[in-house]
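Engineer: Let me see the structure of the following:
(one chain, ligands or ions: 2)
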Amino acid sequence: MNKLMSCMTCGSNVVSLSSRSIREIPVTRRRISVPKALRVTSKDGFMWANSEDGANSTSNYQSLSLTPNFILPVERRPNLEQVYNDGIPVIDMGEGDTCALIERIARASEEYGLFLITNHGIPRELCESMLSAVTNLFHLPPQAKSVLVSDDPTKDVRIANHYRKVEENGIQQRKKFSMWSEVFKHPWHPTDDGFIALLPSEPPEYRTVVAEYSKQMGDLMSQLLNLMSRGLGLDENHLLKVLGRNPLCRAQANYYPPCSKPDLTLGLGVHTDRDALTVVLPSPNVAGLQIMKDDKWIAVDPVPNALVINLGDQLQILSNGRYKSVVHRVVTNEHRSRVSLALFYGPDKDAFIGPVDSLIDEQHPPAYRHYYFREFLEEYRNQEGKNRKIKEAFEI
Ligand SMILES: O=C(O)CCC(=O)C(=O)O
Ligand SMILES: [Fe+2]
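Structural biologist: Ligands and ions are numbered 1, 2, ... in the order given. Okay, here's the model as predicted:
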């Protein structure tokens with residue numbers, strides 16, 4: 001079993017792999033490494049995305065300096081000494097007994113809002129190629145990358161840098177803090193590959209790999225949503241039907257460069273996912289994702305060939321609070337970069353969302369009002385840059 005260890009110097013999380021795990025992933029490790037020649041050209045996107053200060057003057061991701069815009073106020077910094085690393089459910093999807101599988105998924109969705117799945121049917125080679133394409137995208141030469149960099153939230157395909165605006169004691173104006181990551185956002189779709197034409201032609205493999213990955217991920221998400229429906233005592237296709245015929249499908253690739261001071265910043269700030277379901281494909285050997293449970297931060301250790309299943313706000317609302325939309329963050333690593341690809345599956349903009357009737361009774365009154373999903377998106381946009389609390393705006 002992999003072990004999460006704290007780095008002696010800074011307390012950052014480093015995953016130590018057992019000899020068995022190392023033998024299991026040699027191809028992955030080889031394929032996601034990027035030639036040095038590409039690596040040295042790549043910091044500019046990171047710099048442009050944080051161009052307010054423009055203070056990063058070093059020449060690659062490996063040696064980016066932690067300029068003041070990344071240093072979070074003390075109360076927002078991760079306390080890396082107080083992170084636990086046990087209990088995250090790992091569910092074998094190849095489990096023969098469907099009832100047992102439904103039960104396990106329901107329990108993990110209720111208690112954690114996040115679990116790992118193994119034997120999920122997405123070929124290991126496809127996952128490796130996907131992560132490799134993501135890594136290559138973030139290491140594109142500046143000319144190719146610059147056209148993708150944008151802070152315009154209405155652009156569907158772009159490289160950006162997440163930030164938080166924090167009100168400082170007594171100071172009215174909010175100060176902007178950047179996250180130690182770059183993200184590449186684009187649409188995806190399980191059955192209609194029209195989105196592929198919107199994607200950059202570099203790196204050349206990105207389009208073909210993501211087309212295949214999306215198809216297979218669509219099947220997996222349908223399977224998960226069906227099992228989750230049954231776990232709530234609903235018809236198998238209930239959740240998929242409520243989410244609608246034109247689901248909002250967004251992808252976000254994340255790149256977290258090594259960071260000299262992981263205790264001062266975050267790769268991604270504390271958040272819940274806005275949509276219904278997220279499947280994250282993470283780097284196989286670098287920890288970073290952490291979830292909040294019972295007021296404690298728990299590290300989600302990488303497990304070989306596992307995918308991370310993350311329940312979003314819409315599932316919490318539809319299930320009337322029975323399933324949890326997991327609060328999570330990503331911490332940085334002093335020595336290793338990390339990549340991940342999150343595929344989000346959200347409702348049709350016209351879907352009418354609210355607690356399912358059969359989950360409401362005297363003991364469980366409706367916790368949220370009904371809304372059209374486009375209202376939720378509007379609220380999401382209004383809370384841009386803040387510590388988003390969107391579903392709270394729909395609480396009864
Ligand atoms: O990098 C990760 O493991 C998680 C990414 C994430 O939370 C997100 O993209 O919303
Ligand atoms: Fe997330």
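Engineer: how far away is the residue of the stretch 51-200 of the chain found nearest ligand 1 from Ser337?
Structural biologist: Across the stretch 51-200 of the chain, no residue is closer to ligand 1 than Val183, which sits at 7.1 Å (CB to the nearest ligand atom). Where C-beta positions appear, they are placed from N, C-alpha and C, glycine not excepted. Val183 sits 14 Å away from Ser337, going by CB to CB, to the nearest Å.
Engineer: How about the contacts made by the residue of the stretch 51-200 of the chain closest to ligand 1?
Structural biologist: Ile159, Ala160, Asn161, His162, Gln252, Ala253, Asn254, Tyr255 (CB atoms under 8 Å, 6 or more residues apart in numbering).
Engineer: Intersect the residues you listed with the contacts of ligand 1.
Structural biologist: Gln252, Asn254 (CB under 6 Å from any ligand atom).
Engineer: Among the contacts of Val183, which ones are in strands?
Structural biologist: Using DSSP state E, the subset of the contacts of Val183 located in strands is Ile159, Ala160, Gln252, Ala253, Asn254, Tyr255.
Engineer: Would you mind giving me the confidence score for Met1?
Structural biologist: What the model reports as pLDDT for Met1 is 35.
Engineer: Within range of ligand 1, give me the residues from the stretch 201-350 of the chain.
Structural biologist: Gln252, Asn254, Leu268, Asp273, Val280, Pro282, Gly288, Leu289, His328, Val330, Ser340, Ala342.
Engineer: Can you spell out which residues form a bridge with the third one?
Structural biologist: Which is Leu268. Val330 (DSSP bridges).
Engineer: ok now do it, which residues does it touch?
Structural biologist: Counting by CB under 8 Å, 6+ apart, Leu268 touches His162, Met179, Ser181, Asn254, His328, Arg329, Val330.
Engineer: how much space between the first one and Ser358?
Structural biologist: Meaning His162. With the distance defined as CB to CB, His162 ends up 37 Å from Ser358.
Engineer: ok, now Thr135?
Structural biologist: Applying CB to CB, the value for Thr135 to Ser358 is 45 Å.
Engineer: out of those two, which sits in the more crowded spot?
Structural biologist: Using other CB atoms under 10 Å as the criterion, Thr135 and Ser358 rank with Thr135 on top: 22 against 11.
Engineer: Would you mind identifying the next helix or strand past the helix or strand harbouring the more buried one?
Structural biologist: Using DSSP states H and E, Thr135 maps to helix 124-138. Using DSSP H and E, the helix or strand that follows helix 124-138 towards the C-terminus is helix 142-146.
Engineer: Which other helices and strands does that following helix contact?
Structural biologist: Packing partners of helix 142-146 (3 or more CB pairs under 8 Å, 6 or more residues apart in numbering; DSSP states H and E): helix 43-49.
Engineer: Could you find the closest non-adjacent residue to Met217?
Structural biologist: Closest residue to Met217 in three dimensions, ignoring its sequence neighbours and counting by CB to CB, 6 or more residues apart in numbering: Leu343, at 5.4 Å.
Engineer: I'd say that neighbour and Pro247 touch.
Structural biologist: No - contact criterion CB atoms under 8 Å: Leu343 and Pro247 do not qualify, at 11.2 Å.
Engineer: just the strands in the stretch 201-350 of the chain please.
Structural biologist: Secondary structure of the stretch 201-350 of the chain (DSSP state E, counting those that start in this stretch): strands at 248-256, 268-271, 277-282, 289-293, 296-299, 307-311, 328-330, 338-346.
Engineer: Can you lay out the ones you listed as TSV showing mean pLDDT and distance to Gly96?
Structural biologist: TSV is the format used below for these (pLDDT from 0 to 100; distance: least, CB to CB, whole Å):
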stretch	mean pLDDT	distance to Gly96
strand 248-256	97	31
strand 268-271	95	36
strand 277-282	98	23
strand 289-293	97	29
strand 296-299	97	29
strand 307-311	98	20
strand 328-330	98	31
strand 338-346	98	26
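Engineer: any chance of those strands in JSON lines, with distance to Ser129 too?
Structural biologist: Converted to JSON lines, the strands of the stretch 201-350 of the chain look like this (distance: least, CB to CB, whole Å):
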{"stretch": "strand 248-256", "distance to Ser129": "13"}
{"stretch": "strand 268-271", "distance to Ser129": "24"}
{"stretch": "strand 277-282", "distance to Ser129": "11"}
{"stretch": "strand 289-293", "distance to Ser129": "22"}
{"stretch": "strand 296-299", "distance to Ser129": "27"}
{"stretch": "strand 307-311", "distance to Ser129": "15"}
{"stretch": "strand 328-330", "distance to Ser129": "23"}
{"stretch": "strand 338-346", "distance to Ser129": "11"}
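Engineer: which residue is nearest the middle of this protein?
Structural biologist: Central residue of the chain (CA atoms, centre = their mean): Ala342, 4.6 Å from the mean position.
Engineer: that older thread, which one of the residues of the stretch 201-350 of the chain next to ligand 1 has the most neighbours?
Structural biologist: Gly288 (29 neighbours).
Engineer: Against Leu137, how distant is that residue?
Structural biologist: For Gly288 relative to Leu137 (CB to CB), the value is 19 Å.
Engineer: In contact with Ala342, which residues?
Structural biologist: The neighbours of Ala342, taking CB under 8 Å, 6+ apart as the test, are Ala251, Gln252, Ala253, Asn254, Asp273, Thr278, Val279, Val280, Leu281, Asn310.
Engineer: Ok, Glu168 next?
Structural biologist: Applying CB under 8 Å, 6+ apart to Glu168 gives the contacts Pro73, Arg174, Lys175.
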